[in-house]
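In: Structure for the following, please:
(one chain, ligands or ions: 1)
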Amino acid sequence: MTTPLLSVRDLRVSFAAPQSKKWPWSPAKRVNAVNGVSFDLPAGKTLGVVGESGCGKSTLVRAIAGLYPPTSGDVTFDGKPVDYTNRRETNALRSRMQMIFQDPIASLNPRMNIREIVTEPLRVFRPDMTAQAQKEAVRAMLDRVGIAERNFNRYPHEFSGGQCQRIGIARALVTEPDILLCDEPVSALDVSIQAQVINILKELQKDMGLTLVFVAHDLGVVRHISDEILVMYMGGVMEHAPAADLVAAPQHPYTKALFSAVPVPDPKVTTTPEVLDGDLPSPLDLPEGCLFQSRCPRRMSRCATTRPALRHVGQSKVACLLYEPEPAAI
Ligand SMILES: Nc1ncnc2c1ncn2[C@@H]1O[C@H](COP(=O)(O)OP(=O)(O)OP(=O)(O)O)[C@@H](O)[C@H]1O
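Out: Model (predicted):
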């Protein structure tokens, strides 16, 4: 079996919660944003990450990129464990692992023109390149994302959201990284522009042999671009499956509810979104058993005490006690 390009094992990220002003002596609490995520991603493939707002998707990719320090767990990149406390190592990692963000305009420096923005990563990560070689690389990269040379001296505010996202992609890919972490890159764009940006990403992935992690809350977009999909809920993985299997036959009760809400573009097909009752648990105080128990339509008594592990169900991996035999009574 080939070694995956990216391996994540039991990754956890928590943040210090703001201290209560009314009860400053109360014990400090932590927001548990990512709670034990594991996956392997082979080179050249795309992993989609989906889930409701606040389930920890952005925190997961930012922790992998080294923007948030993981609380525990291991990340292995290209066969080597990543030490996020080692600054030199993290900097070297950044040249091979780049990121694009949700708000394309805000993620570009408003004081730099487009040429300067796309040249910046080369100045940092490829100081060995001559100024002429850098200029050529920037021109070629901007050309590939469809930005004409006559616009290179213009500033981000002069471009539309879709153009800014293309510039963001050029900035991320100019150093020819191995992996691109995409944090909701098309959520802020119009639907027609979303398709253009996704097609550019897919073309570049093919040409450059890129590996992608693609975060989105729009399941339609994710299933179009992904080879495999990770479904997150309250910072944990509920299901991890090949995209086609997840769409055709979701296994976890949460995935089923999530997919039942996706509209089908066919007037003859009627869909009935499954409404989930119950409250979300607090990320400050996670339940002992299954993270989804408070809203699960298939809840059983042992869900309150046992946290299910991801286990194989056909081609998928599912974290649900429905697929775990009940232990025999002693
Ligand atoms: N810097 C931070 N400090 C404290 N809590 C944070 C911080 N960043 C995220 N969180 C919390 O961590 C949890 C996960 O947030 P995150 O942004 O990763 O979710 P998400 O799934 O990406 O949501 P969205 O789709 O809305 O971007 C949330 O409860 C959020 O409030």
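In: which residues sit in contact with the closest residue to the ligand within the stretch 201-330 of the chain?
Out: For the stretch 201-330 of the chain, the residue closest to the ligand is residue 283, as judged by Cβ to the nearest ligand atom, at 4.5 Å. C-beta: built from backbone N, CA, C; applies to glycine. Taking Cβ atoms under 8 Å, 6 or more residues apart in numbering, we find residue 283 in contact with 31, 32, 33, 54, 234, 235.
In: Just give the number of residues close to the last one.
Out: I take that to be residue 235. Neighbours of residue 235 under the rule other Cβ atoms under 10 Å: 26.
In: for it, phi and psi?
Out: Here is the backbone geometry of residue 235 (degrees, to the nearest 10): phi 80, psi 0.
In: got it, and the fourth one?
Out: Residue 54 adopts backbone torsions of phi 90, psi 10, taken as degrees, to the nearest 10.
In: what sits up against the helix ranked longest in the chain?
Out: Scanning the chain for the longest helix, with DSSP state H as the assignment, gives helix 191-208. For helix 191-208, contacts defined as Cβ under 8 Å, 6+ apart pick out 44, 46, 144-146, 160-162, 165-166, 169, 173, 176, 180, 182, 185-186, 189, 210, 212, 221, 224-225.
In: next one: that helix to chain centre, how far?
Out: 17 Å (Cα atoms, centre = their mean, to the nearest Å).
In: Report the central residue of the protein.
Out: residue 215 (3.4 Å; Cα atoms, centre = their mean).
In: Any idea how many residues pack against the nearest residue to residue 298 once chain neighbours are set aside?
Out: Nearest non-adjacent residue to residue 298, counting by Cβ to Cβ, 6 or more residues apart in numbering: residue 253, 4.8 Å away. Neighbours of residue 253 under the rule other Cβ under 10 Å: 22.
In: for residue 253, what are its contacts?
Out: 292, 296, 297, 298, 320, 322.
In: The third one reaches residue 260, doesn't it?
Out: No: counting by Cβ atoms under 8 Å, residue 260 is not a contact partner of residue 297; they are 11.0 Å apart.
In: Look up the residues that both of the two are in contact with.
Out: Contact criterion Cβ under 8 Å, 6+ apart; residues bridging residue 297 and residue 260 by contacting each: residue 274.
In: Flag every residue of the stretch 1-150 of the chain that's near the ligand.
Out: Residues of the stretch 1-150 of the chain lying close to the ligand (Cβ under 6 Å from any ligand atom) are 15, 31, 33, 51, 53, 54, 55, 56, 57, 58, 59.
In: Then the stretch 201-330 of the chain?
Out: Residues of the stretch 201-330 of the chain lying near the ligand (Cβ under 6 Å from any ligand atom): 217, 283.
In: so where do the strands sit in the stretch 201-330 of the chain?
Out: Remark: strands assigned in the stretch 201-330 of the chain by DSSP state E, counting those that start in this stretch are 211-215, 228-233, 236-242, 311-313, 316-318.
In: Could you dump the ones you listed into TSV with mean pLDDT added?
Out: Shown next, in TSV, are the strands of the stretch 201-330 of the chain (pLDDT from 0 to 100):
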stretch	mean pLDDT
strand 211-215	96
strand 228-233	96
strand 236-242	97
strand 311-313	93
strand 316-318	96
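In: Format the ones you listed as CSV; extra columns: distance to residue 106.
Out: Formatted as CSV, the strands of the stretch 201-330 of the chain follow (distance: least, Cβ to Cβ, whole Å):
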stretch, distance to residue 106
strand 211-215, 17
strand 228-233, 24
strand 236-242, 29
strand 311-313, 41
strand 316-318, 36
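In: got the CA positions of the longest helix of the chain in PDB?
Out: The C-alpha atoms that make up helix 191-208 are tabulated as PDB, following Å, rounded to 0.1, in the frame of the first residue of the first chain:
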ATOM      1  CA  VAL A 191     -23.400  30.000  -8.000                       C
ATOM      2  CA  SER A 192     -22.200  30.600 -11.600                       C
ATOM      3  CA  ILE A 193     -18.900  31.900 -10.300                       C
ATOM      4  CA  GLN A 194     -18.600  29.000  -7.900                       C
ATOM      5  CA  ALA A 195     -18.600  26.600 -10.800                       C
ATOM      6  CA  GLN A 196     -15.900  28.600 -12.600                       C
ATOM      7  CA  VAL A 197     -13.600  28.500  -9.500                       C
ATOM      8  CA  ILE A 198     -14.200  24.800  -8.900                       C
ATOM      9  CA  ASN A 199     -13.400  24.000 -12.500                       C
ATOM     10  CA  ILE A 200     -10.200  26.000 -12.300                       C
ATOM     11  CA  LEU A 201      -9.300  24.100  -9.100                       C
ATOM     12  CA  LYS A 202     -10.000  20.800 -10.800                       C
ATOM     13  CA  GLU A 203      -7.900  21.700 -13.800                       C
ATOM     14  CA  LEU A 204      -5.000  22.800 -11.700                       C
ATOM     15  CA  GLN A 205      -5.200  19.700  -9.600                       C
ATOM     16  CA  LYS A 206      -4.900  17.500 -12.700                       C
ATOM     17  CA  ASP A 207      -2.100  19.600 -14.200                       C
ATOM     18  CA  MET A 208       0.000  19.900 -11.000                       C
END
